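Asks: Need coordinates for the following:
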Amino acid sequence: MFDELPGLKMHKAVFGIAKRVEKELQAALGLSLPQFMLLMSIKYGEKCSQAQIAKARGLTEAAVSRMMDTVLEKKLATRVENPNNRRERILELTDEGKITAGKSMKIAENVVEEIFFGLSSDERKTLDIILDKILQSIYSEKRNYA
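Replies: Now for the predicted structure:
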């Protein structure tokens, strides 16, 4: 009965997808899921700082810094001084980081495609609509559940 709650099913599905994506990323590129997410944040964030990534991902700057250290060690990204604010560091992908980001995104897309293979086009569209509504409900207004 407890396992039938929609919220728990969604959590289980998201966790399962994340686990499969991370397994494939580790095997192919030696990347963890947080490192992959950091690469994607840098790739699509256009000259973003650690603070901006932390805020966007709901993480502390310290957590982003720890993930960034590993990405820097792998030479996938660099920290450069923001010309408009010398105290701020901008994160940029190296050439190797750009290649790895592209490969990792393809791996993630392939895993998701394998998982969703059994869904028809209409079912995928319906799922997308439902997820958009859930996300809108979560992020559009504050609710008091007390």
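
Asks: Quick check: longest strand in the chain by residues?
Replies: strand 85-93 (DSSP state E).

Asks: which is the next helix or strand following it?
Replies: helix 95-116 (DSSP states H and E).

Asks: can you give me the angle that following helix makes with strand 85-93?
Replies: With axes from the mean of the first three to the mean of the last three Cα atoms, to 10 degrees applied, the angle from helix 95-116 to strand 85-93 works out at 60 degrees.

Asks: Helix 95-116: which residues count as buried?
Replies: 97-98, 100-101, 104, 107-108, 111 (16 or more other Cβ atoms under 10 Å). For glycine as for every other residue, the C-beta is placed from the backbone atoms N, C-alpha and C.

Asks: send the alpha carbons of that helix over as CSV?
Replies: Taking Å, rounded to 0.1, in the frame of the first residue of the first chain, the C-alpha atoms of helix 95-116 are listed here in CSV:
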residue,chain,number,x,y,z
ASP,A,95,38.4,21.3,-24.6
GLU,A,96,38.5,17.8,-22.9
GLY,A,97,35.6,18.9,-20.6
LYS,A,98,33.5,19.9,-23.7
ILE,A,99,34.2,16.5,-25.3
THR,A,100,33.4,14.7,-22.0
ALA,A,101,30.2,16.7,-21.5
GLY,A,102,29.1,15.8,-25.0
LYS,A,103,29.8,12.1,-24.5
SER,A,104,28.2,12.1,-21.0
MET,A,105,25.0,13.8,-22.3
LYS,A,106,24.8,11.1,-25.0
ILE,A,107,25.2,8.4,-22.4
ALA,A,108,22.4,9.9,-20.3
GLU,A,109,20.1,10.3,-23.3
ASN,A,110,20.7,6.7,-24.3
VAL,A,111,19.9,5.4,-20.8
VAL,A,112,16.7,7.4,-20.7
GLU,A,113,15.8,6.2,-24.1
GLU,A,114,16.3,2.6,-23.1
ILE,A,115,14.1,3.1,-20.0
PHE,A,116,11.3,4.9,-22.0
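
Asks: circling back to that earlier point, switch the buried residues of helix 95-116 over to CSV; also include pLDDT and distance to Ala13.
Replies: As requested, the buried residues of helix 95-116 are arranged in CSV below (pLDDT from 0 to 100; distance: Cβ to Cβ, whole Å):
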residue, pLDDT, distance to Ala13
Gly97, 95, 30
Lys98, 95, 30
Thr100, 96, 27
Ala101, 95, 25
Ser104, 97, 21
Ile107, 97, 19
Ala108, 96, 15
Val111, 96, 13
